[in-house]
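K.L.:
When you get a sec, could you give me coordinates for this:
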Amino acid sequence: MMKTTTTMILKKMMTIININSFLQPTGNTCGPTCLYMVLDYLQTDSKDFKILDKYTIENISEICGTDWIVGTPPDRMEKGMKVLGFDYIEHIASPKPYEFLKTLLDVVTKKDEKGIEI
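P.N.:
Numbers count the residues shown, from 1 in each chain. A predicted model of the protein is given here:
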């Protein structure tokens, strides 16, 4: 299985994107449904990334540990993303989240320290 990287996701984010929407099968599966939509989007132009042949929203809900009391809180979403091969980075706790994001974008667009595209 191909590992999803932050760089892969950021490259996709830098263009206008069309994400297929899927109805969540139950009232507590909004998080797993969102993960499913991301997987569907990532596989649209990749011959090697065919993870949806293996997973359904229901499978993802089980992996995440979704339940009827709390649904899928962030820690369970993180657990599911790890199993699905996503790199997970939490920006909320970062002391300088915008600088961190700028650094990631510079890496994706390959800019030097002066901001000139390489």
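K.L.:
what about the residue nearest to Thr66 when sequence neighbours are not counted, distance to Leu23?
P.N.:
Using CB to CB, 6 or more residues apart in numbering and skipping residues adjacent in sequence, the residue nearest Thr66 is Thr72, 4.4 Å away. From N, CA and C alone the C-beta is placed, and that goes for glycine too. According to CB to CB, to the nearest Å, Thr72 stands 16 Å off from Leu23.
K.L.:
For these two, indicate the residue with more neighbours.
P.N.:
A count of neighbours by other CB atoms under 10 Å puts Thr72 above the other of Thr72 and Leu23, at 23 against 7.
K.L.:
Next up, the contacts around the residue nearest to Thr66.
P.N.:
28-32, 61, 64-66, 80 (CB atoms under 8 Å, 6 or more residues apart in numbering).
K.L.:
Try it again at 7 Å.
P.N.:
31-32, 64, 66 (CB atoms under 7 Å, 6 or more residues apart in numbering).
K.L.:
low-confidence ranges in this protein?
P.N.:
1-17, 45-52, 90-94, 97-98, 100-101, 103-118 (pLDDT under 70).
K.L.:
What's the separation between Thr56 and Pro95?
P.N.:
The gap separating Thr56 from Pro95 is 39 Å, by CB to CB.
K.L.:
again with Lys79
P.N.:
For Lys79, the distance to Pro95 - CB to CB - is 25 Å.
K.L.:
who has more neighbours, those two?
P.N.:
Neighbours were counted for Lys79 and for Pro95 using other CB under 10 Å; Lys79 has more, 15 against 6.
K.L.:
Okay, and that one sits in which element?
P.N.:
According to DSSP states H and E, Lys79 maps onto helix 74-84.
K.L.:
List the buried residues of that helix.
P.N.:
For helix 74-84, a neighbour-count test (16 or more other CB atoms under 10 Å) marks 76-77, 80-81, 84 as buried.
K.L.:
Stretch 54-74 too?
P.N.:
For stretch 54-74, the neighbour count (16+ other CB under 10 Å) marks 55, 57, 60-61, 63-64, 66, 71-72 as buried.
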